[in-house]
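My questions are about this predicted structure, shown below with the sequence.
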Amino acid sequence: MRIIGLAGWSGSGKTTLLAKVSTLKHAHHGFDVDQPGKDSHTHRMVGASEVLVSSANRWALVHELRGQPEPALGALLAKLSPVDLVLIEGYKAETHPKLEVYRAAVGKPLLHPDDPAIVAVASDEPLPAARVPVVDLDDVERIVDILIRHAAPIQAVLVHAGHG
C-alpha cells in the first residue's frame, strides 16, 4: 500500500479529485453514517460501542469514541484493507506526502510554503512563485502521475507517525 494526501482549503476541489478511488477522509466536525430512526442508530444511542451494519451491497463499522481521543492517522491506516493506493483528504498537519489543491477564488493562502510534505500543487491558475511543481487542476492525467509518483509506502508513513 502506498499513501498520499490531498491538502487544501474547503471549496478548493479536493473531493472532486477523489471520485474513483479508496480514500480516508478526516472530518473536523461530528458526522454520522447512520440515520436516526434506524435500529443501528438506536443501538449506538443506547450505548453500543460498536455497530456493524451489513447488506448485500456494503458493510460499515461505526465505533463510538465515547470521550476517548480521536485515533491517530497511523492507527486508522492500519484498519484499512490492502489496496494499491490510499488517498487521504484532510490531515493537513500530518507529514505524509501531499498534493495541494488550490483555487484562487477560495481566497485563502497557499499551504505549500509552510508544509514541506507538499510535493506539488494542482491549481486553477498559474503560480509562478511556487516552490514545487504546479499542474492545472483539470489535468487529471498529470495529477494521477504526481499522486502515484510521490505516494509513500505505508510502512514509511506508519514509522514516521510512530506506529510502525
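Alright, I've got the coordinates.

Which stretches in this structure count as strands?
Secondary structure of the chain by DSSP state E: the strands cover 2-7, 23-25, 50-54, 59-63, 85-89, 98-102, 118-123, 134-136, 152-153.

Could you give me the buried positions within the third one?
Going back to what we said before, that points to strand 50-54. 51, 53 (16 or more other C-beta atoms under 10 Å). Placement of C-beta: from N, CA and C, glycine included.

correct me, but P133 touches I146?
Yes: the pair P133 / I146 is scored as a contact, 7.3 Å apart, by C-beta atoms under 8 Å.

Need the residues touching each of these two.
119-120 (C-beta atoms under 8 Å, 6 or more residues apart in numbering).

These two: which has the busier surroundings?
Shown here are P133 and I146; by other C-beta atoms under 10 Å, I146 has more neighbours (21 against 14).

mind listing what the more buried one touches?
99, 119-120, 122, 133, 135 are the contacts of I146 under C-beta under 8 Å, 6+ apart.

Including pLDDT and distance to R2, could those residues go into a markdown table?
Below are the contacts of I146 laid out as a markdown table (pLDDT from 0 to 100; distance: C-beta to C-beta, whole Å):
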| residue | pLDDT | distance to R2 |
| --- | --- | --- |
| L99 | 96 | 13 |
| V119 | 97 | 13 |
| A120 | 97 | 16 |
| A122 | 96 | 18 |
| P133 | 97 | 19 |
| V135 | 96 | 19 |
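
all helices in the chain, in order from the N-terminus.
14-17, 39-45, 73-77, 140-150, 154-160 (DSSP state H).

okay if I get the contacts of I146 as CSV plus distance to S54?
Formatted as CSV, these follow (distance: C-beta to C-beta, whole Å):
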residue, distance to S54
L99, 34
V119, 38
A120, 39
A122, 37
P133, 43
V135, 40
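
Which of those residues are buried, as a PyMOL select command?
Command for PyMOL that selects the buried part of those, burial taken from 16+ other C-beta under 10 Å:
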select buried, resi 99+119+120+122+135
